[in-house]
Structures are given as C-alpha cells and as structure tokens.
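Undergrad: 3D model of this:
(chains A and B)
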There are 2 protein chains.
Amino acid sequence: MRMKDLYAPTLKETPSDVETVSHEYLLRGGFIRKVAAGIYTYLPLGRRVLLKIENIVREEMNRIGAQEILMPILQPAELWKQSGRWDDYGPEMMKLKDRHERDFTLGPTHEEIVTDLVKNELRSYKQLPLTLYQIANKYRDEIRPRFGLLRAREFIMKDAYSFHASWESLDETYEQFKKAYSRIMERLGVRYMIIEAETGAIGGNASHEFVVPAKIGETNVLFCEKCGYQASDEKAEYKGEYTQEQEEEKPLKKVPTPGVKTIEEVSEFLGVPPSKIVKSLLYKGREGYVMVLIRGDLELNEAKLKAHLKDQSLRMATPEEILKDFGVPVGFIGPIGVDVKKVADHSVRGLKNFVVGGMEEDTHYVNANHPRDFKVDEWYDLRTVVEGDPCPVCGEPLKATKGIELGHIFKLGTKYSEAMKAYFMDENGEMKPFIMGCYGWGVSRTMAAVVEHFHDENGMIWPLSIAPYTVVVDILNMNDAEQKQVGEKIYQVLSEKGEEVVLDDREVSPGFKFKDADLIGFPIRINVGRSLKEGVVELKKRYSKELVKVNIKNGFGALLETLEKMKREYDPKEAVR
Amino acid sequence: MRMKDLYAPTLKETPSDVETVSHEYLLRGGFIRKVAAGIYTYLPLGRRVLLKIENIVREEMNRIGAQEILMPILQPAELWKQSGRWDDYGPEMMKLKDRHERDFTLGPTHEEIVTDLVKNELRSYKQLPLTLYQIANKYRDEIRPRFGLLRAREFIMKDAYSFHASWESLDETYEQFKKAYSRIMERLGVRYMIIEAETGAIGGNASHEFVVPAKIGETNVLFCEKCGYQASDEKAEYKGEYTQEQEEEKPLKKVPTPGVKTIEEVSEFLGVPPSKIVKSLLYKGREGYVMVLIRGDLELNEAKLKAHLKDQSLRMATPEEILKDFGVPVGFIGPIGVDVKKVADHSVRGLKNFVVGGMEEDTHYVNANHPRDFKVDEWYDLRTVVEGDPCPVCGEPLKATKGIELGHIFKLGTKYSEAMKAYFMDENGEMKPFIMGCYGWGVSRTMAAVVEHFHDENGMIWPLSIAPYTVVVDILNMNDAEQKQVGEKIYQVLSEKGEEVVLDDREVSPGFKFKDADLIGFPIRINVGRSLKEGVVELKKRYSKELVKVNIKNGFGALLETLEKMKREYDPKEAVR
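TA: This next block holds a predicted model:
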C-alpha cells in the first residue's frame, strides 16, 4: 500500500472531547472516526487491526473445538421476556418496534437467543458438550459513552456459550477457555492478569476476568505478590480479623447534631473516630428496602451486596424516597427503631458504644450497641478490599492496580436453561436443564486496550501480531531519483515476499513522515535517505532509538536478514512499562 | 470435524412456512435457523459458507484497490435529514430512539455515513479517486419477509462507495467493479448476467445488476440472443414502432357503461379491442397528482415512470383518494375535462377514436382523440417490455428469464455530495462536489442464490469455492473395526493435508448418512464400506451417480490423486441446468 493512496487522514491536533491515550491516538492516527456518541467508523488501518484481532480470537476458539455461528443483532422481545431480562436489563438495553409494532432489542448479549437455538434441537446427553461462538456487534446504551472504543455503545465482541450434561464437563470447558484466552493474550503480546470476578447481571456461579494493566482501566485489581491471588475489587474477599471491643455497654443516648450528616462531619462534631461510627445505607431491591450497615471508615462493595442478596436490581434509595417513606433526611438514617431488613458487614459485629443516625432530623445516637438496640438480620463480608488489606489466601498485604477487562468468563449453571425450559435427556432418560457457561471477549476494545498498554509520547506501538502493517518504507527526499528508485524497489521486494508494507512516497518532509509513522505505530521503519549515497539504508524498531544501518550495494540479502531478526526480537513490552 | 461433534441438526421434514428451495434446504441441512420473521441465525455450516463468500468478495475488492472500513449500523438521524432521506425512505427503514430520545436508524444503506466521513477530510483532487467498502449487516423492514435469506430484514452486504474528481474517473472505477463482480461470479462458479438496471431509490445516472438465473428470482430479465442486450424489465426500453392509425376522427360521445370498470370488461361491453382503449392511472407524488395514460393492452412500468418524472415517492392513488378528490370511482377515471398533469406512453400517440373513462360514474367516452379532446403534457416510454418485444439495440425479439440480483452498481454522480455539501478542491482551486459511485453485493443472499442455482431433489450442490467442507468420509458400518480404522486414517491424512473434511462416524445407517451428505451438499463423498474387504474405497461427486473405486491396499497415493482430479473437474454447472 502506498501512503498516498491509503485512506488514513492523520490529525496534528488532539480532538477536543478526548480523555484517553487510545482515543486520542486512534483518532489522530486515522484508525477511527466518531459518528455519534459511542459510535465509530473504523477506517482502513483500524479495520485491519480489528480483522487481525478477530482472526486471533477465531483461531483460538476453533482450536478448542468451539463452533462459529452468527446470531442476529435484532432480537425479539419474547425471548427476553422468557428469561425475565426484558424488564430487568435496564436502560442500557436499546429497544425498538418494527413496522408491525412488535418489540425488539439490539442485543447487548445473546444468552436468550442461543438457549432458544439449541432448545428442542439438542436433545441428548450424547450431543454434549457443545460450544458455540460468534464475533458480532453488541449494543449497550451507556448513559455516558466515553474513552473512545473502551466504553462505546456499538462495539464488537466475541461471545461463546457452552452446554453441558454435568458440572465437571463445564469445569473442563471453563479451563479450556482460560487457556484459550491466555493464548490470545500471549499472541497480543501484552502483560495480563486472570482475576476472580463477580458475575453481576449475567449471573452464575463463578467468573474470571482477563485484564490488561492500564492506568485508565476501569477494573480495580487486588493482587498478592506472595501467593499469586488476583481478584477484582468487586470480588476480593476480606478475611482479616475485626476488633472485638471489650468496653462495657453504655446507655444509649440521642444527641442533637444539627446539619451534621457525613461520616467526617459526625466524627468531627462528636469527636469520635470514623471507626466508632456505623454507616447506615438504604437500598431498594426486588423485595423493598434493605438497610446496610458498615463501619464508618470502610467502603461498601455494592457488587458483594448484590451477590449476597441475589438481587441485581438493588440500588441506593434516593434522598426523596427516604424522606417520603421514612420522614428523615438521608444523613440521619440509622438502624434503631426502624422496621426494615438489616444486613451488616462483619466489621460492625465487634463494635461497642458506636454512633448511628438518630432516625430524626439533626440527631444521632451515641453509645449504640447491638443486639441491645437493634437486630441485624444477616451478616456478610460487604467491605471493599483496598491496597494493604490482607490477602484472603495467605494474609500478605495486597497490592492494587488498574486494568482493562478484555475477557470475562462465567459458569452460568442452569440460570437460563431453567428459565427458558431448555432441557436434554440424560443417561437415565431424565430431562435435565443444560448446565451452561458463557465467555466474552471484547474485540474492538482490544484495539484500544493494546494502545493504552503500548504507546509513548509520539504515538502507538503495535505488537507485530495486530499491527495494521509491519513495515513502513520512508523515501526521505522524493526529489532524489535514486532514493525514489531504491525505495520503490525495497517496497516491491518486500511486497512480493508477502510482507505487509507501506511505502511513504508522499511529497512531504522527512519529519512529517517520521511523525506519521510514529503516530500510526508501524513496528519497523526503513529510511531511504541521504546515506544511500554510501549504499546504506536504515532500519528502526518503533520503540527503539537505534538506527541499524544495512548496506544494500550488493543486494537486499542483509536488509531482509536484519528485518527478520528485528521481527523475531520485536517486543513492545521491552520498551513500555 | 467429526459429524457427531458438528452442530448441524438436519431435519427430515420440510418446515411449514417454506416457499423456496434454498429456504427449505438451508433450514433442513442445518445451515440456518429462523429467530423471527426475516431474521436468522447462521449455524456452523452456514457461517462457514458465509465466511468463504465474505472472503471472496473481500479479496476481489482489495484486488481493485478498494479499502476496507467498517461503518456503524446505528446511524444518527441528522445525516439522513441532510440528504432528505429520513422522511423519503419509507417504512422499510427501522428507526429507534436512544435513552436521550435522539433518533437513530438501523442503516439500510450507508451513502450518508460515508459521505459525511470523507467530507472535510478528503480535501484535494490529489487524494482522488478513493474507494471504500465494508462487509456488514443491513436492515430493511420488509412488510412481508419471505424466501428465507432472499428477502430478509437483517442481512449481510458488501457495500462500496467511490469518490472522484471527474466522470471519466468514475467510469473507470465503475468498469473495475464490473470486472471484480464478474470475477466473484466466476469464483462462485455460477452462470450470471450483467443487466442494465434502474437506479431506483438510490438514485444516480447509470446502473447495472449482476443476476444469477433462478426460477424464484425477483428480477425479470429481458435479453437478446442476437446482440447480447440484457436489461431488467424495469429498465428495458421499447424502441419498436407504434401504429399510426389513419382513421378519421369521429365525434366524441359519452356512453353509459354501468358497473364496467376493467379494461377487459370495457372491451367486452363496448366490443372494442383493448388496444383501442386508453388506461388512465392516477399517481400521487411530491407535486400532487399525475395522470398516466397507456394503451389498454400494455403494462405500465412504474420504475420508468419514477425515473422519467424524477420522483421516487410516486405511488398509485387509492380509490378513496380518487373518490374524495375527483368524485369519481377509480374505474371511470379519464383524461377529458380534468385538470391534472398528464403524461402518456408513446403507444397512445398514434391512436384514433379510442375509449377512455368518462370521469363520471358508470360512463366512458368513445371516439376520444388527442389533442382534440385532451392535452398530454409529456410523452415517455412507459411500457413494460415483455418477451417477444423487439430488442432496443438490434430489433430481434427479446427473450425473458428470471434471476436473483446479487450485485448492483450505480453511478451516483453528485446526488449525495451536493445534498451533504461534500466538496473537494479541483486543480484550479475551485470547490466541487465529489462525483460518486456505489456498489452493493448481497453476501448472505449469495448463499441462498447459489442453492437456488445448484441443487437437486436430494439437497444442495455446493461449488468447491464456498462449500462448507469439501469432503465427507462416510464410515458405513461403525461396528466393522477395519472400516472404522481406515475411515479414521483417511480423515486424519486428509486433515493433515489441509483438506476441509468431515468424518461421519455417527452410529446410524449408511442410508441416513448418504441422505445427510446429499442434503448438506458436500462436493465429494468417500465411502468406506463393504468393498474395503477388497481394499477398495469409493469416491463420488455430489452431482454424479458414478462411484469411482480406488484401491488403498498399498497406501493412499491413488486415493489422493483421484480426489485431486475430482476437485479439478468439479463443476456443478455440468449437472444442473
């Protein structure tokens, strides 16, 4: 491909609404263009990268015996009503009516479609296990799409679904996916972590995320350097000890705390540390209100709360709802004398003589004690684990980092097969619901994550496996007939060898060409410039400053050898932390 | 792939709502499944065929220098309002609102998006010509989806768009597309026709369709065996002579014709041939009513009418509208004494003393003559050309056939670039609208068209280029240890050679296996059966009855040679008319 033909309009300026490196570089490098919020066109360079990612994912899926299918984007509402998710999924689901007023959704995921597909056609345990996958668009109407491809409304995913007669068979396939996803990461050439994760709205019994470390990442990872434990902060368990206070219980007392609402304000006003205050948080779920209690110095982990209570619809009650239903402003909520279900983090268990909201405007209770003053219905691990907390496996202090989730695998169990009555006949002739797994990989997101992972101040640094082109040949002075001729010749030789090569034969300055080459991130650049007078061209790895000079007076043998060597050695990990 | 692992649930019975061969066989062979009206899932075999078609199309696009991109399915309304098509496109356009109440459409086509994409980024004639393409889903909310993949609501297309500084450059690219599309047809191995076509709702100055002959085809093709003229019936011109009647004009007379409405009824009632009656048809368009006049024995061609009047919104007025606005039931409409624009087919020009509607219930005029009794504003060729009409090029009688449109190419000209203000700077520094072309290819439709084209009473007959697998190895008796072992060995040897091979190792009867193999349409079947006792296996082309026996006692050399020979010779055209 000649640079002057390639449709890759690069931008010198950073577009205004850009928040992340990948968003900036992919726009500036001419890989993507915005069509609407969270909706993009992939230009030729971006499409090439995507096709390569798709191909790696496809190969690794085929390798573990998953069979490729293609399901519709337009999904009829009926199937989502069967699973109960038509109403549950929330405003991120894009809905529409056809000309006959029938309801459809633009599929955010395909559990319903695939379960309905095999239902009544996959009948016997003999046909199991079966794994199907597709690579296709998905839709999520994010309230605030941002970070370019990292949080888009239209995006490309690989989603796979497996069907099993036994939990052991699911476990086996789940492990195969772990291996396949690890191979994908290795082929991308990135550092990655496999972390324990929450199952969230997808549901199921176990889940792992495949995460690429990146500053902009939205997944908070806790990990243990000693034993290797790795989990998202939504999942990480707290197994450390809690203080069991030995104080004598003092008499409960209601005190005026005018305008004092937050933990910090209460702590300062009453002169008690946050660890002697209990936060009372009101949530609303399928079964009405739930009050959640946790020590004042800790953060509640909503994902844990939802998982423990098995209610993904739980959300914090609004100040208006609280005022209306309890007659109290939100800052003065407390567990005493109020008839709602109460769940508490273990951190509250050993506390004595603590402060809680007075359940009356501008008041708090001091010297509250349980079970004397209020009853807790259920105790759970609800705190958000943070850096320095003990590893739940070995007790060593945990470290924290951020990452971008590329893969997410779930043991779904029978959640969808039961809801949609998808059964098979087992060895004893009994009808059983399929045991299922599901396995997502963010294909378009991978493109952005790799840029977040590998870049420098000049642009992107693509790994060879997904670089849009491997080599760029820069003719530095287009007015120099010899440079032009040799550049063309190298371009021709490399093209004939099947190398993915771009010839920059535009009539612009060498500096302009170098800037574009660095921005676009071609792994290897060949300069055909002034040193050609001595028969020399230069090769350079994208991330290295070193120019390797090669003499081509007697042919291209040395050039090709050097290029092969550079490709073998090429590893952006070497250059980028 | 082992048949017992392959997810291809074949059906013995024909599903009930099936109207065409391709629909039946693709369902029964386990290639596709219906999710909703006009919406399908592609199962593993179908996905493989699709990927092969996509690949052929992609290669031929890349070969002519078109660059692959990927545009969004979700398109913001604003762009369609710029081109004027948001309101014009009609109910086939699926529309939805996002959570912020912004309007979107599921793109039925991408002229707006691609024009907006290059606008302001492609600035100079030096960057032209440029051709971009994508392979992606398209949406058309057909009022009555049918024929399986042939008229679906969600389907896969390759759409390409070219941008030019001159008409000559557009012509060049247009010719390249003709060649590329011919190569695609040749790689598919089908018979095909390139026909002149109407531009319809897409607009533009010239258009060709690439059509595969098939009984079920919705494109009516007229062709000349003498000179090679080929056109759709929407486009085919009539250049034959019309009678110039020499009768004297008789006095106009209104006669009672109670309850007599159709041409046939009028002809019988008044005892005049249909060729002495003039049909008056009322249409409604952007500029109100238009009356269309044509000789009673001819069919009006709506596509020609829309093209001549440059109004794609033209539609026949309803009986209710006519009664309301003209006070006359639809059967008695006529040109005399009514003040609407009148256009007529040339067939009316030479008529004398003909019959027209009386513009009053239960009456007709006899001995009508123009321009004496009414004025025709514009004369056009408006008749539908039929088999036997003279070829517009050489005069030979035309033949008619039906075909399925796979490709459609258009010289758009400046329709979209002017509407959307997409300009470039020409050599003289002047701003000019891009001259554009667009080029569609129905990817998922190709799968169905090939089945319509190549099949027999037992199932599909895939050409090698897009067969889901090339070879099926049938082990006829799974209880025979030698058959099993040899079958496995052949499967292994072929797999290692990179052959796309399926091993049918299911514990079912040979007849069952043969039926599935024929239905699915594997090009070559290898039987490992009783003759193995003599060291012999059999090879068979899907469309041939001949079993070629090969001795494998001394290794697989002869088997592999025979297989290669069969592949070289394989041509479903030989077997299917």
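Undergrad: Now stretch A:270-288: buried residues?
TA: Within stretch A:270-288, the residues that qualify as buried by neighbour count (16 or more other C-beta atoms under 10 Å in any protein chain shown) are A:Val272, A:Pro274, A:Lys276, A:Ile277, A:Val278, A:Lys279, A:Ser280, A:Leu281, A:Leu282, A:Tyr283, A:Lys284, A:Gly285. For every residue, glycine as well, the C-beta is placed using N, CA and C.
Undergrad: And those residues, which is closest to A:Glu538?
TA: Compare each of the buried residues of stretch A:270-288 with A:Glu538 using C-beta to C-beta and the shortest gap goes to A:Pro274, at 61.5 Å.
Undergrad: Model confidence score at the residue most central in space within chain A, please.
TA: Most central in chain A under C-alpha atoms, centre = their mean is A:Glu405, positioned 2.5 Å from the mean C-alpha point. The model reports A:Glu405 with a pLDDT of 96.
Undergrad: my read: A:Asn369 touches A:Lys253, true?
TA: No. Because the distance of 11.6 Å does not satisfy C-beta atoms under 8 Å, A:Asn369 is recorded as not touching A:Lys253.
Undergrad: ok, these two, which is more surrounded?
TA: Per other C-beta atoms under 10 Å in any protein chain shown, whichever of A:Asn369 and A:Lys253 has more neighbours is A:Asn369, with 19 against 10.
Undergrad: Which residue, neighbours along the chain excluded, lies closest to the more buried one?
TA: Residue nearest to A:Asn369 in three dimensions, not counting chain neighbours: A:Glu249, with 4.5 Å by C-beta to C-beta, 6 or more residues apart in numbering or on different chains.
Undergrad: what's the neighbour count on the one you found?
TA: Other residues lying near A:Glu249 total 13 when counted by other C-beta under 10 Å.
Undergrad: where does it land on pLDDT?
TA: 95.
Undergrad: show me what contacts it?
TA: When the contact criterion is C-beta atoms under 8 Å, 6 or more residues apart in numbering or on different chains, the partners of A:Glu249 are A:Lys352, A:Asn353, A:Asn367, A:Asn369, A:Arg372.
Undergrad: now swap in A:Met478 and tell me
TA: Contact partners of A:Met478, counting by C-beta under 8 Å, 6+ apart, are A:Lys484, A:Asp505, A:Arg506, A:Glu507.
Undergrad: From the buried residues of stretch A:270-288, pick out the ones that also neighbour chain B.
TA: Restricting the buried residues of stretch A:270-288 to those adjacent to chain B (criterion: C-beta under 8 Å from any C-beta of the partner chain) removes every one of them.
Undergrad: Output the lowest mean pLDDT helix or strand found in chain A.
TA: Every helix and strand of chain A was ranked by mean pLDDT, DSSP states H and E. The lowest is helix A:85-88, at a mean of 84.
Undergrad: List the buried residues for it?
TA: For helix A:85-88, the neighbour count (16+ other C-beta under 10 Å) marks A:Arg85, A:Trp86 as buried.
Undergrad: which residues touch that helix?
TA: Contacts to helix A:85-88, defined as C-beta under 8 Å, 6+ apart, come from residues A:Ala77, A:Trp80, A:Thr105, A:Glu112, A:Ala201, A:Gln312, A:Ser313.
Undergrad: Likewise for stretch A:548-565?
TA: A:471, A:486, A:490, A:493-494, A:497, A:499, A:524, A:526, A:531, A:534-540, A:566.
Undergrad: Return the members of the residues you listed classed as buried.
TA: Buried by 16+ other C-beta under 10 Å: A:471, A:486, A:490, A:494, A:499, A:524, A:526, A:531, A:536-540, A:566, out of those.
Undergrad: And the residue of chain A closest to chain B?
TA: Among all residues of chain A, A:Leu96 sits closest to chain B, at 3.6 Å; criterion: C-beta to the nearest C-beta.
Undergrad: Assign that residue to helix, strand or coil.
TA: Assigned with DSSP: H, G, I helix; E, B strand; the rest coil, A:Leu96 falls in the strand class.
Undergrad: interface residues of the stretch 101-250 of chain A facing chain B?
TA: Contact residues (C-beta under 8 Å from any C-beta) of the stretch 101-250 of chain A with chain B: A:102, A:104, A:106, A:113, A:116-117, A:121-122, A:126-127, A:130, A:132, A:134, A:137, A:139, A:141, A:143, A:153-154.
Undergrad: Just the ones of those residues in helices?
TA: When helices are assigned by DSSP state H, the members of those inside them are A:Ile113, A:Asp116, A:Leu117.
Undergrad: Count the neighbours of the last one for me.
TA: Think A:Leu117. Counted with other C-beta under 10 Å, the burial measure for A:Leu117 works out to 23 neighbours.
Undergrad: The second one too?
TA: Burial of A:Asp116 is recorded as 24 neighbouring residues (other C-beta under 10 Å).
Undergrad: The nearest residue to it once chain neighbours are set aside in helix, strand or coil?
TA: Across the structure, with C-beta to C-beta, 6+ apart as the measure, the residue nearest A:Asp116 apart from its sequence neighbours is A:Leu79 (5.4 Å). Judged by three-state DSSP, the three-state class of A:Leu79 is helix.
Undergrad: how much space is there between A:Leu79 and A:Arg85?
TA: When C-beta to C-beta, to the nearest Å is the yardstick, A:Leu79 and A:Arg85 sit 9 Å from each other.
Undergrad: same check, this time on A:Arg286
TA: When distances are taken as C-beta to C-beta, A:Arg286 and A:Arg85 turn out to be 14 Å apart.
Undergrad: Out of the contacts of A:Glu249, which sit inside strands?
TA: When strands are assigned by DSSP state E, the members of these inside them are A:Asn367.
Undergrad: Could you identify the buried members of the contacts of A:Glu249?
TA: The neighbour-count test (16+ other C-beta under 10 Å) applied to the contacts of A:Glu249 identifies A:Lys352, A:Asn353, A:Asn367, A:Asn369 as buried.
Undergrad: helices or strands up against the top strand by length along chain A?
TA: The residue-count maximum for a strand in chain A (DSSP E) belongs to strand A:399-413. Strand A:399-413 sits against helix A:167-188, strand A:206-213, strand A:219-223, strand A:435-442, helix A:443-453, with contacts defined as 3 or more C-beta pairs under 8 Å, 6 or more residues apart in numbering or on different chains; DSSP states H and E.
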